[in-house]
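# need coordinates for the below:
(2 chains)
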Number of protein chains: 2
Amino acid sequence: MRFGFLIYPGVEELDLVGPWEMATMWRAYAGGPECLAVSETGGPTVCAKGLKIAADTDFERCPPLDYLLVPGGFAAFDEMANARLVGFVAAQARSCRHILSVCTGAFILQAAGLLHGRRATTHWKALERLAALPGVTVAEERHVRDGTVWTSAGVSAGMDLTLAFIAAEAGAEAASTVQYNAEYFPDGRVYGTAHRADAASAYFRSLAPST
Amino acid sequence: MRFGFLIYPGVEELDLVGPWEMATMWRAYAGGPECLAVSETGGPTVCAKGLKIAADTDFERCPPLDYLLVPGGFAAFDEMANARLVGFVAAQARSCRHILSVCTGAFILQAAGLLHGRRATTHWKALERLAALPGVTVAEERHVRDGTVWTSAGVSAGMDLTLAFIAAEAGAEAASTVQYNAEYFPDGRVYGTAHRADAASAYFRSLAPST
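Numbering: from 1, shown residues only, chains lettered A, B, ... in the order given. Here you go, the predicted model:
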C-alpha cells in the first residue's frame, strides 16, 4: 500500500508535514502504508513560509497510490488552474481507496471533480469561496468525511483528519499507537480573542479563551 | 530579530515543522522574527521519516540568533555527541534571548550545558534517560519553561510550546493571531488505550479515551 503526499510551490508547511508525521508513524509502528512525497517535476520546492522540501518522485514516475493527500496554502488557488496537477489528482483518484485534503487543498479536489455532490470543508478564510463553487456543500467542521473523500479545516487540522482516517482504515488501536508515539495530546489552550471573529468557522468560533 | 531552527540528519519532521509553522505565522501576521533553518553543512537533510528538507544556512555562515529551537528525533542521541553541533548550540545560546527544544532535542541542550539546575521535559520514551543525566530535574508536563530555557514533550508538543513562547514574548493577542491563522483548535480526541501505559508521561496518562 502507498500513501502519496502532494507537494507544489507555495504549499503550506504544516498542511503537509502534520499528516506526513501521523502517516509515517502509522507506517513505523502500526503496519501503515509506504509514504512518498510527489510533485510535478520532483526535486526541491519552496514552501509558503520559505522551507525547502524535496519530493521523492514526480508525476510521470509516481506509482499508483492507495491514498493521496492534497495539502493547501494560498498557492492552491493557482494550482487549481494547473491542468497537469489537477489531472494527476483526478487520474490517481480513479484508483485510490481514499483522497484527503487539508486547508485550501479542497480547491484542488474540487477542480479535479472530486467534491461534486459532497460535503467538505477548508480553512476558515476560504469557506465562502468554496461554498461559491458548484456541487459542494460546505461544513464548518474541523474535518469532514464524505465516503472516500476526506477534507479538513486549515493548516493544523490535517493532523486530526489523518488520525481519524487511520482509525477508520486500521482501527482505533492503530490510531492510538500513532497518537501515543507522536505524543499528540494538545494542551487545548485558547489564546485571546482573534478566533471569535464573524469569519471564523463555527466549530471554534465560540471557544472561550483559556484563563 | 532572528529565530533559528536547527536541522540535522534524522531530525523528526513534525518536531521541526510544527514550531516552524507557528513562528512563521508570527512573522507573517504579528510582527515576529525572521525564521531560518540552519544545519552543520547547509543543504538538504533526510529527516527521521524520510522527508528531505534543506537548510537556509550552515553553522559558519549563520548570523547571531535571538531565539534557537532544537528539535528531536532518535538521532538526537547521536548528535548530543557531535562536538560541532553542541558547540554551535552552546555558542548561540550565549547571546540568544531564549532557547527552546522539542522532544529529545532536550538531550542536545543538556550536552550544551543549558539544562544544569533547570526543570525540563522530553518525549515520554526518554524521560528516564533524561532524568539520569546530571543537573536536570525532569517534569512530566507537555512543556516547561525555566527562565530562558523552554522544553517540550514529544513531536507534536512543539506547537503548544511555541504558542506559549509567543504569548510570553509578544502577548496573548499575538499568540491568538497565530493560533487563528494556523487554525490550531485541535479536536482533543483521544484514541484507544496505548497512552495509558506505565511509560507514559503523567500529563496524558490518565486521559479517558473519547467515545
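
# please, where are all the strands along chain A?
Assigned by DSSP state E, chain A shows strands spanning A:2-6, A:34-39, A:43-46, A:52-55, A:57-58, A:67-70, A:98-102, A:118-120, A:136-138, A:143-146, A:149-152.

# between those, which gets nearest to chain B?
Of all those, it is strand A:52-55 that lies closest to chain B, at 3.9 Å by CB to the nearest CB. For every residue, glycine as well, the C-beta is placed using N, CA and C.

# so which elements touch the closest one?
Under the contact criterion of 3 or more CB pairs under 8 Å, 6 or more residues apart in numbering or on different chains; DSSP states H and E, strand A:52-55 touches strand A:34-39, strand A:43-46, strand B:52-55.

# and residue A:54, how many neighbours does it have?
Counted with other CB atoms under 10 Å in any protein chain shown, the neighbours of residue A:54 add up to 17.

# so who does it touch?
A:37, A:42-45, B:44, B:52-54 (CB atoms under 8 Å, 6 or more residues apart in numbering or on different chains).

# now those residues: which count as buried?
A:37, A:42, A:45, B:52-54 (16 or more other CB atoms under 10 Å in any protein chain shown).

# low-confidence ranges in chain A?
Along chain A, no part satisfies pLDDT under 70.

# for it, longest helix please?
Once chain A is assigned using DSSP state H, the helix that runs over the most residues is helix A:13-30.

# how about it and chain B, any contact?
Yes: shown here: helix A:13-30 in contact with chain B (CB under 8 Å from any CB of the partner chain) through A:13-14, A:17-18, A:20-21, A:24-25, A:27-28.

# neighbours of the closest residue to residue A:177 other than its chain neighbours, how many?
The shortest distance from residue A:177 to any non-neighbouring residue, by CB to CB, 6 or more residues apart in numbering or on different chains, is to residue A:30 (4.6 Å). By the criterion of other CB under 10 Å, residue A:30 has 18 neighbours.

# then residue A:172?
Using other CB under 10 Å: residue A:172 sits among 19 other residues.

# that one contacts residue B:190, correct?
No: counting by CB atoms under 8 Å, residue A:172 does not reach residue B:190; the two are 9.9 Å apart.

# between those two, what contacts are shared?
residue B:209.

# just to revisit the earlier point, in TSV, list the helices and strands packed on strand A:52-55 along with distance to residue A:102.
Shown next, in TSV, are these (distance: least, CB to CB, whole Å):
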stretch	distance to residue A:102
strand A:34-39	14
strand A:43-46	16
strand B:52-55	18
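
# between the ones you listed, which one is closest to residue A:162.
Judged by CB to CB, the one of the helices and strands packed on strand A:52-55 that comes nearest to residue A:162 is strand A:34-39, at 11.0 Å.

# do the closest one and chain B meet?
Yes: for strand A:34-39 and chain B, the contact criterion (CB under 8 Å from any CB) is met by A:35, A:37.
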